[in-house]
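Peer 1: The sequence and its predicted three-dimensional model are supplied below.
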Amino acid sequence: MFRDVNIFSNKCLICNVKDIYKYNICNDCYCNLEEYRDSLDYKFKYLDEIYVNYYYNNFLKEIVVDFKYNEKTYLDRFFGEMYINKIFEEKLNKKYSLITYIPMTKYYENKRGYNQSKLISEYISKNTLIETKELLYKNRNNKRQKDLSKEERYGNVRDIFSCREDVSDKNILIIDDIVTTGYTLDFAAKALKELGAKKVAAIVAATHRSL
Ligand SMILES: [Zn+2]
């Protein structure tokens with residue numbers, strides 16, 4: 001897979017110039033992150049908890065686009081460390097024993113060649129020993145949420161996920177990148193609960209400043 005930085009150097013994954021400070025990026029790049037301090041103003045029906053790291057500002061948007069659409073898969077080391085930090089900070093490793101992620105439509109996964117949330121999940125697993133499993137699948141094709149209005153988004157993901165196996169009494173952590181309406185995460189949590197999950201939480205990199 002295409003990589004354009006030396007992943008074995010200890011230089012920042014974003015600017016590739018300065019030494020690493022946190023999450024495999026330098027202090028200057030890190031300072032562009034804006035910590036999320038609000039509470040989400042929508043109610044989840046199935047999702048028990050959500051942990052949001054940062055605001056989706058232009059700096060983070062560029063990184064997300066590079067990671068998702070420009071084949072910069074090595075950025076899993078940036079996101080992975082960010083999520084691991086949150087997991088330990090909130091002691092989620094004591095509450096959740098299984099990690100899963102939002103699946104992509106097969107068409108897009110084949111086109112892109114990877115699912116970025118799967119890469120993050122696998123990075124987290126390797127470094128925390130919390131098991132990762134591909135539990136969810138899409139039971140029909142749908143459009144990308146970002147191409148739709150808020151009203152259309154609900155119908156687009158309504159009951160779209162199914163769970164592959166029995167997850168009775170498991171506490172599960174879903175990995176996703178950006179939360180906007182929350183519908184995707186809530187229907188993912190619903191599918192896991194239908195197959196027995198006890199508690200479902202989500203951890204995301206960012207959300208928009210105002211919904
Ligand atoms: Zn940097």
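Peer 2: Now that the structure is in, tell me what you want to look at. Numbers count the residues shown, from 1 in each chain.

Peer 1: Now do the residue most central in space within the chain, the pLDDT please.
Peer 2: Central residue of the chain (Cα atoms, centre = their mean): residue 176, 2.2 Å from the mean position. Looking at residue 176, its pLDDT is 96.

Peer 1: thought it was touching residue 185?
Peer 2: Yes - using Cβ atoms under 8 Å, residue 176 is in contact with residue 185, at 6.1 Å. Where C-beta positions appear, they are placed from N, C-alpha and C, glycine not excepted.

Peer 1: lowest confidence element among the helices and strands of the chain?
Peer 2: helix 106-112 (a mean of 84; mean pLDDT, DSSP states H and E).

Peer 1: tell me which strands and helices that one is in contact with?
Peer 2: With contacts taken as 3 or more Cβ pairs under 8 Å, 6 or more residues apart in numbering; DSSP states H and E, helix 106-112 sits against no other helix or strand.

Peer 1: For it, list the C-alpha coordinates in CSV.
Peer 2: Provided in CSV are the C-alpha atoms of helix 106-112 (Å, rounded to 0.1, in the frame of the first residue of the first chain):
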residue,chain,number,x,y,z
LYS,A,106,-18.6,-3.4,-0.3
TYR,A,107,-18.5,-1.1,-3.4
TYR,A,108,-16.6,1.6,-1.5
GLU,A,109,-14.4,-0.8,0.4
ASN,A,110,-13.3,-2.5,-2.8
LYS,A,111,-12.8,0.9,-4.5
ARG,A,112,-10.7,2.3,-1.6
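
Peer 1: what comes into contact with the helix or strand that comes right after it?
Peer 2: Going down the chain from helix 106-112, the next helix or strand is helix 116-128, by DSSP states H and E. Identification of contacts with helix 116-128 by Cβ atoms under 8 Å, 6 or more residues apart in numbering yields 67-68, 73, 76-77, 79-80, 83-84, 87, 93, 99-102, 130-132, 134, 175-177.

Peer 1: Selection in PyMOL covering whichever of the residues you listed are buried, please.
Peer 2: A single PyMOL command suffices to select whichever of those are buried according to 16 or more other Cβ atoms under 10 Å:
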select buried, resi 67+68+73+76+77+79+80+83+84+87+99+100+101+102+130+132+175+176+177
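
Peer 1: Which ones among the contacts of helix 116-128 map onto strands?
Peer 2: Among those, DSSP state E puts 99, 100, 101, 131, 132, 175, 176, 177 in strands.

Peer 1: got the contact list for the second one?
Peer 2: With contact set as Cβ under 8 Å, 6+ apart, residue 100 has these partners: 121, 132, 133, 134, 135, 136, 172, 173, 174, 175, 192.
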